[in-house]
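A.B. asks: From the sequence below, what's the structure:
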Amino acid sequence: MTLHSSLPNSQRASSRAGFTLIELLTVIAIIAILMGLLFPALASVKESARKAQARNDIVGIMTAVKQYYTEYGKYPPLVDPSASSTSATGAAVEDQFVGDLTQTKTKVENSMVMNTLRSIDALPNEKFVYNPKRIVFLDAKAVSNPEAPKAGILEKIKAGGGAAKVGIPASNGCFLDPWGRQYFIMIDTNHDDLLDVGQLYTDFTDSDRPHTSVGVFAMGADNVIGSEKNPNAYRTKGVVCDDIISWQ
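C.D. replies: Okay, here's the model as predicted:
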């Protein structure tokens, strides 16, 4: 004998629909909670990946500069190849550097050294004058999205578009970090075996200049040398600086 519910069909259907709706709302609520917990973790993972990539790029740039020196017995030109390494009084001048033009002390983009290291026929390496053997010391990929360029070499950027369009001061041949700014490169151009990083970081004085010939760094996610709370300082106590530097 088959037993039937005493409820009419319409009421049984309504009960099933109401139960399904409650389940759906519960699942949606759980998913929302999980997503709220997951998004910060994903952002942290992505930022860690960017920092790791920046460190790899920095090592690659330093290695390329040193290989160039080994091959040619000199460093690739950064600012003015004809500039003297001593002042009019005979004193050693500060080391030269290239990098992001948003910083007031930066006068030259890093494309000036990238073109030589990448064996590109462009300033200052026109007609391969500074890399006559046409050796590719640095093989870096191009940026994947020229309209929002990050993590790579700027190539085929049209005037008024690409980097300029989104407000990034960079031209063809510049090497951008994962946050979309140029890597800074400083070379011991006065050959005193010390790097004058105090030009950019106020807490690196003459007494603790790094004993290295090449320095490379990225400004990190905040796009500021040092930190927003304390610009141009790396080691300020209690202030977190996200810059990635090669000499410490």
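
A.B. asks: Double-check that Ser44 belongs to a helix.
C.D. replies: Yes - under DSSP: H, G, I helix; E, B strand; the rest coil, Ser44 sits within a helix.

A.B. asks: State the number of residues packed around it.
C.D. replies: For Ser44, the neighbour count with other CB atoms under 10 Å is 10. C-beta here means a position set from N, CA and C on the backbone, and glycine is covered the same way.

A.B. asks: Now do the contacts for it.
C.D. replies: Neighbouring residues of Ser44 by CB atoms under 8 Å, 6 or more residues apart in numbering: there are none.

A.B. asks: Tell me the confidence at Asp193?
C.D. replies: Asp193 is assigned a predicted lDDT (pLDDT) of 88.

A.B. asks: Can you name the helix or strand that it falls in?
C.D. replies: Assigned by DSSP states H and E, Asp193 belongs to no helix or strand.

A.B. asks: gap between the residue lying closest to it once chain neighbours are set aside and Val108?
C.D. replies: With CB to CB, 6 or more residues apart in numbering as the criterion, Asp193 has its nearest non-adjacent residue at 6.1 Å, and that residue is His211. Using CB to CB, to the nearest Å, His211 is found at 25 Å from Val108.

A.B. asks: Next: Asp177.
C.D. replies: 17 Å.

A.B. asks: Which one's more surrounded, these two?
C.D. replies: The neighbour count for Asp177 versus Val108, taken as other CB under 10 Å, is higher for Asp177 (26 against 17).

A.B. asks: Beta-bridge partners for the residue nearest to that one when sequence neighbours are not counted, please?
C.D. replies: Nearest residue to Asp177 in three dimensions, chain neighbours excluded: Ala218, at 4.1 Å (CB to CB, 6+ apart). Beta-bridge partners for Ala218, by DSSP bridges, are Ile244.

A.B. asks: tell me the contacts of Ala218?
C.D. replies: With contact set as CB under 8 Å, 6+ apart, Ala218 has these partners: Ala54, Asp57, Ile58, Asp177, Pro178, Trp179, Arg181, Tyr183, Phe184, Asp243, Ile244.

A.B. asks: Which one of those residues is nearest to Ala233?
C.D. replies: Of all the contacts of Ala218, Asp243 has the smallest distance to Ala233: 9.9 Å, by CB to CB.

A.B. asks: How many residues are close by that closest one?
C.D. replies: So Asp243, with other CB under 10 Å, has 20 neighbours.

A.B. asks: what separates the spatially most central residue of the chain from Gly198, distance-wise?
C.D. replies: The residue lying closest to the centre of the chain (CA atoms, centre = their mean) is Asp177, at 2.0 Å. The spacing between Asp177 and Gly198, counted by CB to CB, is 22 Å.

A.B. asks: residues touching Ala32, list them.
C.D. replies: By CB under 8 Å, 6+ apart, Ala32 lies in contact with nothing.

A.B. asks: tell me which element it is part of?
C.D. replies: Ala32 belongs to helix 9-72, assigned by DSSP H and E.

A.B. asks: So what touches the following helix or strand past that helix?
C.D. replies: With elements assigned by DSSP H and E, the helix or strand that comes after helix 9-72 is strand 96-98. Contacts to strand 96-98, defined as CB under 8 Å, 6+ apart, come from residues 78-79, 83, 106, 108-110, 112-113, 182, 184-187, 189, 199-200, 215.

A.B. asks: and the helix or strand following strand 96-98, average pLDDT?
C.D. replies: Later in the chain than strand 96-98, the nearest helix or strand by DSSP H and E is helix 111-117. Average pLDDT, helix 111-117: 95.

A.B. asks: which helices and strands does helix 111-117 pack with?
C.D. replies: Judged by 3 or more CB pairs under 8 Å, 6 or more residues apart in numbering; DSSP states H and E, helix 111-117 is in contact with helix 9-72.
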